[in-house]
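Peer 1: My questions concern the predicted model and sequence given below.
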Amino acid sequence: NGRGVHHVVWCVRAESLPRVKAFWEGVIGVPLEELDLPELGLKVLISWHGGVEIMAPAYPTGLMVEAANAFLASRGEGVYTVVYEVRGIEGVVSSFTAAGGKLLFRETITPDEVDERGLSDGARFSILQAGFDDHAGMRICLQEQVPE
């Protein structure tokens, strides 16, 4: 449970997913797990070991659809956020907010959800996340893994 970049999240259009998957797996050699997350409105390709997540708005509604579509409309496909692993997320969120960071979302991914999404090699933990809007040109999502 160290500090540092955990993974980079790209946002692409849904029709780009097959091409992106072929590129990462065939050219770079990183196998990607496919996740269907209708509650978020997303389809996701992910390799946490590879530090890669590619999300695409694939449903008309969902918790992340509006933000993902707005990102694509304003910036096109590209890096959506960098997920940075921290210790003591509450203190870091407070510091980030005090420095002018605008909190967009808080999420707790339970140990069962971690298992369902294939985000663990068997260890049981929760993931606490706090995503921030652009700050000095950076879009950062803080994350802390908390053992069960």
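Peer 2: Thanks, I have the structure now.
Peer 1: what is the rounded mean pLDDT of stretch 50-67?
Peer 2: Summarised as a single mean, pLDDT over stretch 50-67 is 94.
Peer 1: That stretch: which residues count as buried?
Peer 2: Buried residues in stretch 50-67, counting neighbours by 16 or more other Cβ atoms under 10 Å, are found at 52-59, 62, 64-65, 67. Heads up, the C-betas are built off the backbone N, CA and C, glycines and all.
Peer 1: List the contacts of it.
Peer 2: 5-14, 16-17, 20-21, 24, 30-32, 36-47, 68-69, 72, 80, 83, 104 (Cβ atoms under 8 Å, 6 or more residues apart in numbering).
Peer 1: Helices along this structure, start to end?
Peer 2: 17-22, 65-75, 89-98, 111-116 (DSSP state H).
Peer 1: Please tabulate these in CSV, including the columns distance to Leu142.
Peer 2: Below are the helices of the chain laid out as CSV (distance: least, Cβ to Cβ, whole Å):
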stretch, distance to Leu142
helix 17-22, 26
helix 65-75, 17
helix 89-98, 6
helix 111-116, 17
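Peer 1: ok now stretch 47-57, how far from the chain's centre?
Peer 2: Chain-centre distance of stretch 47-57: 7 Å, with Cα atoms, centre = their mean, to the nearest Å.
Peer 1: same question, stretch 75-89
Peer 2: The answer for stretch 75-89 is 7 Å, by Cα atoms, centre = their mean.
Peer 1: buried stuff in it?
Peer 2: Using 16+ other Cβ under 10 Å as the burial criterion, the residues of stretch 75-89 that qualify are 80-81, 83-86, 89.
Peer 1: Just the terminal-to-terminal distance for it.
Peer 2: Distance across stretch 75-89, first residue to last, is 29 Å (Cα to Cα, to the nearest Å).
Peer 1: And for stretch 50-59?
Peer 2: For stretch 50-59, the first-to-last residue distance is 26 Å (Cα to Cα).
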